[in-house]
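**Student:** pasting a predicted model and its sequence here:
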Amino acid sequence: MGNQAEACTLADDTSLIGHRFAMSDSNAGSRIQSSQPRAPAGRDAHDMQASMSRRRLLVGAAGVTAAFGVAGLTGPAVAQNNGQHGSQRSRAVAPSNSLSSRAYPVPASDTDIARDAADVPPPIGKRGPMTVRVDLETIELEGRLDSSTSFRYWTFGQKVPGPFIRVRVGDTVEVHLRNGEDSMMMHNVDLHAVTGPGGGAEATTAPPGEERAFRFKALHPGLFVYHCAVPPVAMHIANGMYGMILVEPEDGLPKVDREFYIMQGELYTDQPFGTPGLLSDSYEKILDERPEYFVFNGSVGALTSRHPMRTRVGETVRVFFGVGGPNHMSSLHLVGGIFDRAYPLGDITSPPLRNIQTMSVPTGSSAVLEFKPSVPGRYAFLDHALSRAERGLAAWLDVEGDENPEIFSSSV
């Protein structure tokens, strides 16, 4: 499906009004079989275990059906395409210690999968409940992970995170998910805003080239995570399949000058951090919770060198922040700034916390953060588990405006 964008519209009984979302898919996995031969000891055991793990992902029995009870699915959760799997293809990369790779470096993909943090649909405004249609497409593609590194991402709309979805409490939301024809795996979507079985995952589980749909009523205001939930769920999330949906309260949110959309995630690669070329995913490291990369919006440099955020002194900034994970929580900190108001766990109707230095956000959860810069300069968002910055986790906020030496001066 490539660059095809799917329309997401706000609809009542007589008309369609809309902003657009695009979703993209990647490879999915099936539930791991419980029976397996015993591997020999030593390094051969490690290689054999990794091989068996990959084989189970490719040919395992109907993991989606077993895990979620999906009606009508009698085959494996993994879709076959010319006998190849996206992650298997990505294993054709030279070892990081190969001397020939130093002489003939493999160029990284130039495809930018990182979502610009400013890519946020406008506020809903004051209106009554209506029917909202959301079209999502899942697409698998090779994208840029770092300056000399690429990765086979599984995405919603060819970007990580997936599109920011914005509705109002009381809306009836129709979710249509199409799995791209070039996908290797089944995909679906579980929206934490849904009150219903599987968050919609059962209803939207789709083989490559097919579409599924369901509807739900948005009963609870808040900022919610969504993600693919085809087993192994952690692999689908780690490879890029997560995003957020905002359910605004009846009267909407207070007006601000800037809104940004940031999600934190982890990538688990066979190769060590910084290895050039096309990297392959590691299911073993996912299970051991040992990521090689921590990233904001999908890749190293996504919100620094490529898409830094920008605002001006005196403007009120609102950040919609979520943690896709799949395994590690975040301690979000704005270096040189304090959050004037913080709405933890995605709760946007309770009174906010005030004057917050660092915001803890669990995996699969979110926070809304508001602040007003008083001094120009470059500010950095970091996880205050600071070693993660060495593995790619940083974002810049560039603030323009007049100096204010009464508040801050670099000299005495």
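**Tutor:** Yep, that arrived.
**Student:** F339 reaches V368, doesn't it?
**Tutor:** No - applying CB atoms under 8 Å as the test, F339 and V368 come out as separate, 9.7 Å apart. The way it works is simple: take the backbone N, C-alpha and C, and place the C-beta from them, glycine included.
**Student:** quick check: domain ranges of the chain?
**Tutor:** 6-27+108-248, 258-400 (automatic domain parsing).
**Student:** any idea which of those domains is most buried?
**Tutor:** Neighbour counts (mean count of other CB atoms under 10 Å) averaged over each of the domains of the chain peak at domain 6-27+108-248, with a mean of 22.
**Student:** so what's the nearest residue to V169 once chain neighbours are set aside up against?
**Tutor:** Once flanking residues are discounted, V169 sits nearest to P221: 4.6 Å by CB to CB, 6 or more residues apart in numbering. By CB atoms under 8 Å, 6 or more residues apart in numbering, P221 lies in contact with V169, V247, E248, P249, I348, T349.
**Student:** save the domains of the chain as a markdown table, and put in mean pLDDT and distance to S409 too.
**Tutor:** Listed next are these as a markdown table, based on pLDDT from 0 to 100; distance: least, CB to CB, whole Å:
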| stretch | mean pLDDT | distance to S409 |
| --- | --- | --- |
| domain 6-27+108-248 | 88 | 29 |
| domain 258-400 | 98 | 9 |
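**Student:** dump the ones you listed into TSV; add distance to S411 as well.
**Tutor:** Putting the domains of the chain into TSV (distance: least, CB to CB, whole Å) gives the following:
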stretch	distance to S411
domain 6-27+108-248	32
domain 258-400	14
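**Student:** what about S410, how many residues nearby?
**Tutor:** 7 (other CB atoms under 10 Å).
**Student:** doesn't it lie inside a helix?
**Tutor:** No - under DSSP: H, G, I helix; E, B strand; the rest coil, S410 sits outside any helix and is assigned coil.
**Student:** what's the longest strand seen in the chain packed up against?
**Tutor:** Using DSSP state E, we find that the single longest strand of the chain is strand 131-146. In terms of contacts (3 or more CB pairs under 8 Å, 6 or more residues apart in numbering; DSSP states H and E), strand 131-146 is packed against strand 6-11, strand 16-21, strand 149-156, strand 172-179.
**Student:** just to revisit the earlier point, and the contacts of P221 as CSV, adding secondary structure and distance to R310?
**Tutor:** Formatted as CSV, the contacts of P221 follow (DSSP: H, G, I helix; E, B strand; the rest coil; distance: CB to CB, whole Å):
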residue, secondary structure, distance to R310
V169, coil, 31
V247, strand, 28
E248, strand, 25
P249, coil, 28
I348, coil, 25
T349, coil, 30
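**Student:** what about stretch 369-377, how long is it end to end?
**Tutor:** By CA to CA, to the nearest Å, the extent of stretch 369-377 from end to end equals 19 Å.
**Student:** check the offset of that stretch from the chain's centre.
**Tutor:** Stretch 369-377 has its C-alpha centroid displaced from the chain centroid by 26 Å (CA atoms, centre = their mean, to the nearest Å).
**Student:** before we move on, back to that, can you tell me which of the contacts of P221 is closest to P232?
**Tutor:** V247 (28.5 Å; CB to CB).
**Student:** please report the distance of the closest one from K217.
**Tutor:** 10 Å (CB to CB, to the nearest Å).
**Student:** mutual contacts of the two, please.
**Tutor:** By CB under 8 Å, 6+ apart, the residues touching both V247 and K217 are D171.
**Student:** contact partners of stretch 326-341?
**Tutor:** 233-234, 237-238, 264, 266, 286, 289, 291, 294, 321, 323, 352-363, 367, 369-373, 377, 379-385, 397.
**Student:** inside helices: which ones of those residues?
**Tutor:** Residues of the contacts of stretch 326-341 located in helices (DSSP state H): V233, A234, I237, A238, I286.
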